[in-house]
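In: Predicted structure and sequence below. I'll ask about it afterward.
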2 protein chains.
Amino acid sequence: MQYFPPALERLVEQFARLPGVGTKSAQRLAFFLLSFPEEEAVAFADAIVTAKREIHCCPICQNFTQGEGPCAVCASGKRDREVICVVASPRDMLAMERAREYHGLYHVLHGVISPMNHVGPDDLHIKELLARVADGETREVIMATNPDTEGEATAMYLSRLLKPFGVKVTRLAYGIPVGSHLEYADDATLMRALEGRREILS
Amino acid sequence: MQYFPPALERLVEQFARLPGVGTKSAQRLAFFLLSFPEEEAVAFADAIVTAKREIHCCPICQNFTQGEGPCAVCASGKRDREVICVVASPRDMLAMERAREYHGLYHVLHGVISPMNHVGPDDLHIKELLARVADGETREVIMATNPDTEGEATAMYLSRLLKPFGVKVTRLAYGIPVGSHLEYADDATLMRALEGRREILS
């Protein structure tokens, strides 16, 4: 016996497709949406369709952008065009921007190499990165993939591809996070922090 | 500076309105939706609008139903129409149905009395329950609200309202859950299980 009417079942199924949303959560979200006034539910639906139709990847850095042409960062005249920071996702780019310390360009891979999830180099925007570096304007490529196995492997893979172009390839520093406690730092992090120790210049 | 294009920001904001979805999760969900083919994104949006337009509360039990007229349970000829089980939400009704032990009707309150959340008796479908009981067909009303403070208070409040109608008002039994371990049961549950002990008839 079907306990929820078909239109509600369908909405629950759609929510259950989203990452990290199980059947129970999907039900909760669907019920919550039903409590919206109709115009707000329509606005929600419209936001989905509009985003899908209008958001494209920037032809240069592959970050999400709206409409034609390059994204705001690539189009900006204030950026150091000789440095490219390679990130796995637009969210990682956002994290870098929040730090307000980086003023170069980006390149968004839209994933990392992950054989477990059947993601190979061809599924990422690597060709576009090589084309940018081949243009010759680039001085340095900073690898800012996550410090996990897949992020590391992707960074290593890319650095080998980039070496022939004669650009400097760097990696974000490993170490103890600012504001953390040494006693809670894991061994691998402490080892890397020791390896990468810097002289205190007074 | 705006890092996400407006259409993407708008989608993230819409997802962030959902319960239990923070900004980070909303970004993750929005990015995931962008990875859908366009027809699937449109199907998702359509499911929202269709559900909102076609799902109504059953005029009898207030459970969600599609189209005009009473829901499947209220319309069924196989149900014991003299018993009404009062639940807080359609999901609780679903849980009862899954147990396959109850064959009466339901009444969905769509919430519980909760002064902390500014939910009073008038915000729930209590008038409709009283009208059903006043019709005289009802023999027993089973309170199946959650065994927490608000659920308890709501059940007590309703039972006082229902007493004048001369119907039997019952409550789901408290006790140790089947398959659990006594050593992990909390004091309140053990006390209630002792209070409600039953004779073993051999």
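Out: Received the coordinates, thanks.
In: CA atoms of the longest strand along chain A as PDB?
Out: Secondary structure of chain A per DSSP state E: the longest strand is strand A:80-87. Extracted in PDB, the C-alpha atoms of strand A:80-87 (Å, rounded to 0.1, in the frame of the first residue of the first chain):
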ATOM      1  CA  ASP A  80      48.500  38.700 -11.100                       C
ATOM      2  CA  ARG A  81      48.100  36.800 -14.400                       C
ATOM      3  CA  GLU A  82      51.400  34.900 -14.000                       C
ATOM      4  CA  VAL A  83      50.300  32.700 -11.100                       C
ATOM      5  CA  ILE A  84      47.600  30.000 -11.300                       C
ATOM      6  CA  CYS A  85      46.200  28.300  -8.200                       C
ATOM      7  CA  VAL A  86      44.800  24.800  -9.000                       C
ATOM      8  CA  VAL A  87      41.800  23.800  -6.900                       C
END
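In: does any part of the first helix or strand past that strand going along the chain sit near chain B?
Out: Proceeding N to C from strand A:80-87, the next assigned helix or strand is helix A:90-98, under DSSP states H and E. Yes. Contact of helix A:90-98 with chain B (Cβ under 8 Å from any Cβ of the partner chain) involves A:90, A:91, A:93, A:94, A:97. Using the backbone N, CA and C atoms, a C-beta is placed for each residue, glycine as well.
In: Just the buried ones among those residues, please.
Out: A:90, A:91, A:93, A:97 (16 or more other Cβ atoms under 10 Å in any protein chain shown).
In: re earlier: which residues are contacting the longest strand of chain A?
Out: A:93, A:96, A:102-109, A:129, A:132-133, A:137-145, A:155, A:158 (Cβ atoms under 8 Å, 6 or more residues apart in numbering or on different chains).
In: Which of these fall within helices?
Out: Using DSSP state H to define helices, the subset of the contacts of strand A:80-87 located there is A:93, A:96, A:129, A:132, A:133, A:155, A:158.
In: Can you name the two of these that sit furthest apart?
Out: With Cβ to Cβ as the measure, no two of the ones in helices among the contacts of strand A:80-87 lie farther apart than A:96 and A:133, at 18.9 Å.
In: So the residue most central in space within chain A versus residue A:111, what's the distance?
Out: Central residue of chain A (Cα atoms, centre = their mean): residue A:89, 1.2 Å from the mean position. Here the distance between residue A:89 and residue A:111 works out to 8 Å (Cβ to Cβ, to the nearest Å).
In: Same question for residue A:51.
Out: Residue A:51 is 20 Å from residue A:111, by Cβ to Cβ.
In: out of the two, which sits in the more crowded spot?
Out: Each of residue A:51 and residue A:111 has its neighbours counted (other Cβ atoms under 10 Å in any protein chain shown); residue A:51 has more, 26 against 17.
In: which one is that one nearest to, not counting chain neighbours?
Out: With Cβ to Cβ, 6 or more residues apart in numbering or on different chains as the criterion, residue A:51 has its nearest non-adjacent residue at 4.1 Å, and that residue is residue B:11.
In: any low-confidence regions in chain A?
Out: Along chain A, the model assigns pLDDT under 70 to residues A:1-3, A:202.
In: Could you measure from residue A:143 over to chain B?
Out: 20 Å (Cβ to the nearest Cβ, to the nearest Å).
In: what's stretch A:36-53 in contact with?
Out: By Cβ under 8 Å, 6+ apart, the residues outside stretch A:36-53 that reach it are A:33-34, B:7-8, B:10-11, B:13-14, B:17, B:30, B:33-34, B:36, B:38, B:41-42, B:44-46, B:48-49, B:51-53.
In: Pull out the buried residues from that stretch.
Out: In stretch A:36-53, the ones that count as buried by 16+ other Cβ under 10 Å are A:41, A:42, A:44, A:45, A:46, A:47, A:48, A:49, A:50, A:51, A:52.
In: Among those, which one lies nearest to residue A:119?
Out: Proximity of those to residue A:119 (Cβ to Cβ) peaks at residue A:52, which lies at 22.0 Å.
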